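> Structure of the sequence below:
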Amino acid sequence: MASTDKIVSSDDETLILVDADDRETGFLDKARCHDGAGVLHRAFSVFLFNDAGQLLLQQRAPGKRLWPNFWSNSCCSHPRKGESMAEATLRRIEEELGIRANVEFVYKFSYQAQYGDEGAEHELCWVFLGRSNDAVKVNSNEIAAFRYVQAQELSAELAADSAMFTPWLRMEWQRLQEEFSGRLAVYTTSVKDKAS
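Modelled structure (predicted):
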């Protein structure tokens, strides 16, 4: 597995606090955003597919404060103070996965998920779908492993053992299938099948 170990995130980076309507209310360092029950901040979650219609999943690195070693969607993180969502998504995809991708916004939602005494995610999260066929080169500080799955494989795995996946992946995948199945099908159908 091709990888790099460049440091691309820190507890000191400044995240964007928002209200329930996604209006900016201030800024706070990443560590304090995730302390206790968490402070609501802006985030994003990306689902990347290849031309075969397979979804790229990542296993979070063991050094992660929240949900280490859990399987999650292709890429998820936060825009930093002064950074647009477009800038943040493309930056982070390249930092974590070493690839470039085209992404499209689908929906946003807020959630809170507690990880024992270690802290919580309390995010207003923008969800994106995208495509890339670049060879993945993971950042080992962020990702322990990666794999590609078909949509039905992920659904079967979630039904069999959802505890191995991050809570946001479980929520987002369910909503993508239930409310945005048409847009999801654009990515889960292989380019070859679409052409025939």
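
> Give the buried residues for stretch 165-175.
Under the neighbour-count criterion of 16 or more other C-beta atoms under 10 Å, stretch 165-175 has 165, 166, 167, 168, 169, 171, 172, 173 buried. The way it works is simple: take the backbone N, C-alpha and C, and place the C-beta from them, glycine included.

> How far off centre is it?
Here the centre of stretch 165-175 is set off from its chain's centre by 10 Å, with C-alpha atoms, centre = their mean, to the nearest Å.

> go on, stretch 82-89?
Worked out by C-alpha atoms, centre = their mean, stretch 82-89 lies 14 Å from the chain centre.

> quick one: contacts of it?
The contact list for stretch 82-89 (C-beta atoms under 8 Å, 6 or more residues apart in numbering) reads 42, 44, 46, 75, 77-80, 91, 103, 105, 126, 128.

> One more pass at 7 Å, please.
If you take C-beta atoms under 7 Å, 6 or more residues apart in numbering as the criterion, stretch 82-89 is touched by 44, 46, 77, 79, 80, 103, 126, 128.

> isn't residue 77 right up against residue 90?
No. If you go by C-beta atoms under 7 Å, residue 77 and residue 90 don't touch, sitting 11.3 Å apart.

> For this structure, spot the helix or strand the model is least confident about on average.
Lowest by mean pLDDT, DSSP states H and E among the helices and strands of the chain is strand 3-4, with a mean of 54.

> show me the contacts for residue 191.
Contact partners of residue 191, counting by C-beta under 7 Å, 6+ apart, are residue 51.

> The spatially most central residue of the chain and residue 182: what is the separation?
In the chain, the centroid-proximal residue (C-alpha atoms, centre = their mean) is residue 76; its distance is 2.6 Å. With the distance defined as C-beta to C-beta, to the nearest Å, residue 76 ends up 23 Å from residue 182.

> ok, back up a step: identify, from the buried residues of stretch 165-175, the entry nearest to residue 143.
Among the buried residues of stretch 165-175, residue 166 lies closest to residue 143 (C-beta to C-beta), at 12.8 Å.
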